[in-house]
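> fold the following, please.
(one chain, ligands or ions: 3)
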Amino acid sequence: MSTRIRVDAASPYDVVIGNNLLDELPGLIGEGVQRVAVIHPRALRSTGDAIRDDLVSSGFTAHAIEIPDAEEAKSAEVLAYCWTVLGQAGFTRSDAIVAVGGGTTTDLGGFVAATWLRGVRFVTIPTTLLGMVDAAVGGKTGINTAEGKNLVGAFWEPAGVLCDLAALETLPRHDYVSGLAEVVKCGFIADPVILDLVEKDPAGASTPAYDATAELIARSIQVKADSVGADLRERTTVAGGTIGREALNYGHTLGHAIERTERYKWRHGAAISIGMVFVAELARAAGRLDDPTADRHRAVLESLGLPVSYRADAWPHLQDAMKLDKKTRADRLRFVILDGLAKPTILEAPDPGLLIAAYGEIS
Ligand SMILES: NC(=O)c1ccc[n+]([C@@H]2O[C@H](COP(=O)([O-])OP(=O)(O)OC[C@H]3O[C@@H](n4cnc5c(N)ncnc54)[C@H](O)[C@@H]3O)[C@@H](O)[C@H]2O)c1
Ligand SMILES: O=C(O)C(=O)C[C@@H](O)[C@H](O)[C@H](O)COP(=O)(O)O
Ligand SMILES: [Zn+2]
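Ligands and ions are numbered 1, 2, ... in the order given. The predicted model follows:
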């Protein structure tokens with residue numbers, strides 16, 4: 001049995017969660033498409049080849065494009081390599097891209113789709129927890145540069161998202177747990193039932209075999225779908241006491257700065273775990289967040305084995321990196337914080353003393 005979650009975008013699409021979903025792929029690729037590129041990371045070579053072969057059996061001319069694993073894929077060089085393959089294979093505007101892999105593959109693959117001939121059809125098949133609950137949904141695509149995380153990219157929405165839960169069984173444990181950071185994020189910003197389900201059995205929740213895994217995934221995707229359906233291009237700042245898509249950036253201002261400082265060798269979820277504890281401390285220091293909710297961040301993330309502290313001497317580098325965060329306006333840093341559980345808002349240009357105090361709590 002599969003679950004479908006609709007994303008009410010300009011062209012609405014479904015995120016399907018279940019098993020053996022590949023029968024749905026030709027329909028998502030659509031009529032009139034001749035060529036399909038299946039972009040996959042090195043670690044999923046056999047999956048990429050199998051999907052390509054299936055597509056050939058369905059009558060498409062399919063090519064597998066192998067890219068590096070993890071953040072190495074999100075580079076200008078890999079992007080240019082994909083353009084070369086598409087050009088040599090004669091991809092036209094009526095052809096399509098399928099990205100099969102984790103968030104790095106769907107971010108890169110989506111940017112290839114957004115930029116090739118100014119935009120071709122795109123389908124995501126996320127194979128990591130993080131990809132399913134976050135990266136493959138919502139149309140943010142892009143690459144990193146030496147100056148910062150995701151600094152170059154485009155909004156380019158998929159025609160559909162297929163989350164085959166069986167893929168999670170081969171995922172290394174630290175990658176699964178990294179994805180849980182985004183799940184916990186959804187709990188704090190919008191759906192506290194997620195936190196209850198994780199806290200009930202953190203050891204169990206750290207594996208895909210947990211009896212609430214499908215519910216955790218569906219609830220997190222619903223949070224994402226609601227946010228991007230309402231504010232795809234992240235334009236809503238503060239309106240009527242609520243914020244739009246920026247809420248999904250909870251923990252990411254410091255988290256992305258840590259990723260840059262670590263030269264993109266860390267997993268994204270590990271970095272944003274620290275980033276969430278930091279903004280919880282910032283909100284507490286600013287008198288905005290109650291102690292139990294602030295303390296709950298460290299407790300739940302630590303119980304999953306995620307990091308919650310970082311080197312004290314890194315603060316000057318992190319401050320520099322945060323200046324290029326996409327929420328920054330002119331010289332004013334803007335952080336997503338909580339005014340209470342599931343009440344995200346923006347803290348604009350906090351006093352430097354507050355930032356140092358919050359960093360002191362996590363270093
Ligand atoms: N676009 C968005 O809205 C959005 C949202 C959240 C995160 N992201 C981005 O997603 C990226 C992180 O994604 P991730 O955590 O999925 O990491 P990832 O894509 O690097 O995947 C982690 C590792 O697992 C391997 N892998 C993937 N699926 C596997 C499977 N089923 N079995 C075994 N190995 C597998 C990959 O090759 C990689 O080495 C970051 O770059 C982050 O910025 C984007
Ligand atoms: O979808 C969003 O919006 C998010 O912010 C989700 C984040 O989890 C994700 O890491 C995203 O890639 C961050 O976007 P960025 O705009 O800060 O680069
Ligand atoms: Zn993220």
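
> would you mind giving both backbone torsions of the closest residue to residue 3 other than its chain neighbours?
Spatial nearest neighbour of residue 3, chain neighbours left out: residue 17 (4.6 Å); criterion: C-beta to C-beta, 6 or more residues apart in numbering. C-betas here are computed from N, CA, C, even on glycine. Note on residue 17: its backbone torsions stand at phi -120, psi 130 [degrees, to the nearest 10].

> distance of residue 17 relative to residue 232?
21 Å (C-beta to C-beta, to the nearest Å).

> same question for residue 286.
In this structure, residue 286 and residue 232 are 30 Å apart, going by C-beta to C-beta.

> pretty sure residue 213 contacts residue 163?
No: using C-beta atoms under 8 Å, residue 213 is not in contact with residue 163; the gap is 11.4 Å.

> which one's more surrounded, these two?
Counted by other C-beta atoms under 10 Å, residue 213 and residue 163 do not tie: residue 163 has more neighbours, with 29 against 19.

> residues contacting the more buried one?
15-18, 21, 126, 132, 136, 217, 221 (C-beta atoms under 8 Å, 6 or more residues apart in numbering).

> how about stretch 124-132 and ligand 2, any contact?
No: Stretch 124-132 stays clear of ligand 2 (C-beta under 6 Å from any ligand atom), getting no nearer than 8.2 Å.

> residue 299: neighbouring residues, count only.
By other C-beta under 10 Å, 14 other residues sit near residue 299.

> repeat for the one 10 residues further on
For residue 309, the number of neighbouring residues by other C-beta under 10 Å comes to 13.

> let me see the ranges of the strands in the stretch 151-300 of the chain.
161-164, 238-239, 242-243 (DSSP state E, counting those that start in this stretch).

> winner for burial among the ones you listed?
Mean neighbour count, computed with mean count of other C-beta atoms under 10 Å, is highest for strand 161-164 among these, reaching a mean of 26.

> close to ligand 1, is it?
No: Strand 161-164 lies out of reach of ligand 1 by C-beta under 6 Å from any ligand atom, never closer than 9.0 Å.

> distance from the chain centre to that strand, please.
Relative to its parent chain, strand 161-164 has a centroid offset of 14 Å by C-alpha atoms, centre = their mean, to the nearest Å.

> enumerate the residues of the stretch 51-200 of the chain near ligand 1.
Near ligand 1, when you scan the stretch 51-200 of the chain using C-beta under 6 Å from any ligand atom, you find 69-71, 74, 101-105, 107, 127-128, 130-131, 134-135, 138, 140, 150, 167, 170-171, 175, 178-179, 182.

> returning to what we had before: report the contact partners of the residue nearest to residue 3.
2-5, 132, 163, 165, 214, 217-218, 221.

> out of the residues you listed, which is most surrounded?
Comparing the contacts of residue 17 on neighbour count, residue 132 comes out first with 33 neighbours (neighbours: other C-beta under 10 Å).

> would you confirm that that one belongs to a helix?
Yes: checked against DSSP: H, G, I helix; E, B strand; the rest coil, residue 132 lies within a helix.

> against residue 110, how distant is it?
15 Å.

> what's near enough to touch the residue nearest the centre of the chain?
By C-alpha atoms, centre = their mean, the chain has its centre lying nearest to residue 135, at 3.1 Å. Each residue near residue 135 by C-beta under 8 Å, 6+ apart is listed here: 102-103, 106-107, 126.

> let's go with 6 Å and repeat that
103, 106 (C-beta atoms under 6 Å, 6 or more residues apart in numbering).

> ok, now how distant is it from residue 182?
8 Å.

> so which bits of the stretch 1-150 of the chain are right by ligand 2?
So far as C-beta under 6 Å from any ligand atom goes, the stretch 1-150 of the chain lies against ligand 2 at 134, 138, 140, 150.

> report how many residues lie close to the third one.
Meaning residue 140. Around residue 140 there are 25 residues (other C-beta under 10 Å).

> next: residue 226.
By the criterion of other C-beta under 10 Å, residue 226 has 17 neighbours.

> tell me the spacing between it and ligand 1.
Noted for residue 226: a distance of 14 Å to ligand 1, by C-beta to the nearest ligand atom, to the nearest Å.

> top of the residues of the stretch 1-150 of the chain next to ligand 2 by neighbour count?
Counting by other C-beta under 10 Å, top hit in these: residue 134 with 27 neighbours.
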